[in-house]
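fold the following for me, if possible:
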Amino acid sequence: MQKAIQYLNDNNKRFLEELFSLLRIKSVSTDDQYKSEVIKAAEEVKNRLEEAGAENCEGIPTAGHPVVYADKIIDENLPTVVVYGHYDVQPADPLELWDTDPFDPQVRTTEIHPEGAIFARGSADDKGQMFMHVKAFEALVKTDSLTCNVKFMIEGEEEIGSPSLPDFLTKYKEKLAGDVILISDTGLLSLEQPSITTGLRGMSYVEVTVTGPNRDLHSGLYGGSVANPCNILAQLIADLHDDDNRITVPGFYDDVEQVSQEERDLMAKAPFDEEKYKKELGINAVWGEKGYSTLERSSIRPTLDCNGIWGGYTQPGAKTIIPSKAHAKISMRLVPGQDPETITKLIGEHLRNVAPDYVKVDVNYLHGGIPYVCPVNTPEYQAAANAMEESFNKTPIPLRSGGSIPIVALFEQTLEMKSVLMGFGLNSDAIHSPNEHYGLKNFKIGQETICRFYEQYARLKK
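Here you go, the predicted model:
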């Protein structure tokens, strides 16, 4: 293993240059104007895997963007690790809030990253973390240190809910067969206290449209006599939480699995500085469901958030109208027991029921996924825990994440494999936001830990 670690150290500068090349590609999957860039990113990932020593490298077409597949089968009797990641990224908007070009990666020091961090869209989510696996694999292959078979499945639609992946998994189930899926698309508590994600929230993501008059109206001639859809929508959204910040959609909590007091007590032992948390976010106080801590609210409880709201005239200057329509995008993070289809139906029924009869409400489901929980008593989890302990000199804490990777639960259903969520990002990385960044130390220690995972897993699966 020491040879592989030394290889990582010796080639660190080159690895960063290669990552920067990938980060410069504007692989925004949600916007068709970037389709050629998404294809370009897939080709780049395939080429890097070939250079790293993988075999059978190909971009497999789907109904949407291609999935990059590659493998290295060294012995059929050894365990097989399937590495999942994604090369697509979120849009960089609003561009004016970035300190530098989001697709021109820059290294800058910060208070949290005194050794430097890579500022670029996709640096942490997920190009930087996915690329750690490619480089760890390269180090193991080039130093003859690989102890497991490896398969790569790197997709280009994760940021839009992985719509093509269910059919892909079914069609290529045999090709993707293995013992465990290894994913780095989550984070750590901190570099001082490592953690392993043992749960992910699911999601229902909808777009709501409120329609009033059949056209935009003059607000002087019609104001006060015709309902304004923007006003109505704002009230509907405001009423989705009560005074205790609980979601008011009837039936929303019916299927929520209650976390035991024992697990809540374990969560409470995780180091968390609420004052530092508020300072980092620039807020005066935390907010959330009454009766739960900040960590619990952001991991084991369901949520509902308006992600965007618009309607009427929003350009510079004045235009005095009552708009015909108003729109909002709403995401609901779900916990074990909740089903995205059921939740989508419930919010649609609720909004239509409570809306006044002088407007019409339409709710359109965009994407979602079911929650996932990983057991901690398996060889897969223990291999990750041992590898992290070697790298960080500290036992990692199992912790549920508030985020969603919709495809993880489907991996278990279709491929019949558990996933290990061994991520190295930090909450402060600003993923999905302006100035997204990923620490150089995180990038490096992630590669080392991944190398150690293979060694540990081969030992525990004997």
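
tell me where the model's unsure across this protein.
Within the chain, no range satisfies pLDDT under 70.

my guess is Pro375 meets Lys418, correct?
Yes: with contact defined as C-beta atoms under 8 Å, Pro375 reaches Lys418; the gap is 7.4 Å. For the C-beta atoms, the positions are set from N, CA and C on the backbone; glycine is no exception.

SS state for the closest residue to Glu289 other than its chain neighbours?
Spatially, and ignoring its direct neighbours in sequence, Glu289 is nearest to Asn245 (5.0 Å; C-beta to C-beta, 6 or more residues apart in numbering). Recorded secondary structure, Asn245: coil (DSSP: H, G, I helix; E, B strand; the rest coil).

as a quick check, tell me the outermost residue of the protein.
Leu221 (47.5 Å; C-alpha atoms, centre = their mean).

how near is it to Gly187?
According to C-beta to C-beta, to the nearest Å, Leu221 and Gly187 sit 54 Å apart.

residues contacting the residue nearest to Glu289?
Counting by C-beta atoms under 8 Å, 6 or more residues apart in numbering, Asn245 touches 287-290.

out of these, flag the one nearest to Asp357.
Closest approach between these and Asp357, by C-beta to C-beta: Glu289, at 31.6 Å.

so how far is Ser404 from His367?
Distance, His367 to Ser404, using C-beta to C-beta: 10 Å.

which residues do these two both contact?
Both His367 and Ser404 are contacted by Met203, under the criterion C-beta under 8 Å, 6+ apart.

looking at those two, which one has more neighbours?
Ser404 (24 against 17; other C-beta atoms under 10 Å).

the more buried one contacts Gly199, correct?
No: Ser404 is beyond contact range of Gly199, at 10.7 Å (criterion: C-beta under 8 Å).

residue boundaries of the helices in the stretch 151-300 of the chain?
165-171, 219-222, 229-238, 261-268, 274-281, 294-297 (DSSP state H, counting those that start in this stretch).

what's the nearest residue to Val376 if we skip its chain neighbours?
That would be Pro398: by C-beta to C-beta, 6+ apart, it lies 5.1 Å from Val376.

and for Gly311?
Of all residues not flanking Gly311 in the chain, Ala326 sits nearest, at 3.2 Å (C-beta to C-beta, 6+ apart).

okay, now the sheet partners of the host helix or strand of that neighbour, with direction.
Assigned by DSSP states H and E, Ala326 falls within strand 325-334. Counting by DSSP bridges, the strands paired with strand 325-334 are strand 202-211 (antiparallel), strand 303-311 (antiparallel).

residues of the longest one that come out buried?
Judged by neighbour count using 16 or more other C-beta atoms under 10 Å, the buried positions of strand 202-211 are 202-206, 208-211.

distance from the chain centre to that strand, please.
How far strand 202-211 lies from its chain's middle: 19 Å, per C-alpha atoms, centre = their mean, to the nearest Å.

just to revisit the earlier point, got CSV for the helices of the stretch 151-300 of the chain, with distance to Val134 too?
What follows is the helices of the stretch 151-300 of the chain, written out as CSV (distance: least, C-beta to C-beta, whole Å):
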stretch, distance to Val134
helix 165-171, 20
helix 219-222, 56
helix 229-238, 42
helix 261-268, 33
helix 274-281, 31
helix 294-297, 32
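
which of these sits closest to Ala385?
helix 261-268 (14.5 Å).

who touches that closest one?
293, 295-296, 299-300, 398-400.

what do you get if the cut-off is 10 Å, keeping everything else the same?
Helix 261-268 has contacts (C-beta atoms under 10 Å, 6 or more residues apart in numbering) with 198-199, 258-260, 292-293, 295-296, 299-300, 397-400.

dump the C-alpha coordinates for it into PDB.
What follows is helix 261-268, C-alpha atoms only, in PDB (Å, rounded to 0.1, in the frame of the first residue of the first chain):
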ATOM      1  CA  GLN A 261     -33.800   7.700  21.000                       C
ATOM      2  CA  GLU A 262     -30.700   5.600  21.100                       C
ATOM      3  CA  GLU A 263     -29.700   6.700  17.600                       C
ATOM      4  CA  ARG A 264     -30.600  10.300  18.400                       C
ATOM      5  CA  ASP A 265     -28.300  10.100  21.400                       C
ATOM      6  CA  LEU A 266     -25.500   8.800  19.200                       C
ATOM      7  CA  MET A 267     -26.100  11.700  16.800                       C
ATOM      8  CA  ALA A 268     -25.900  14.100  19.600                       C
END
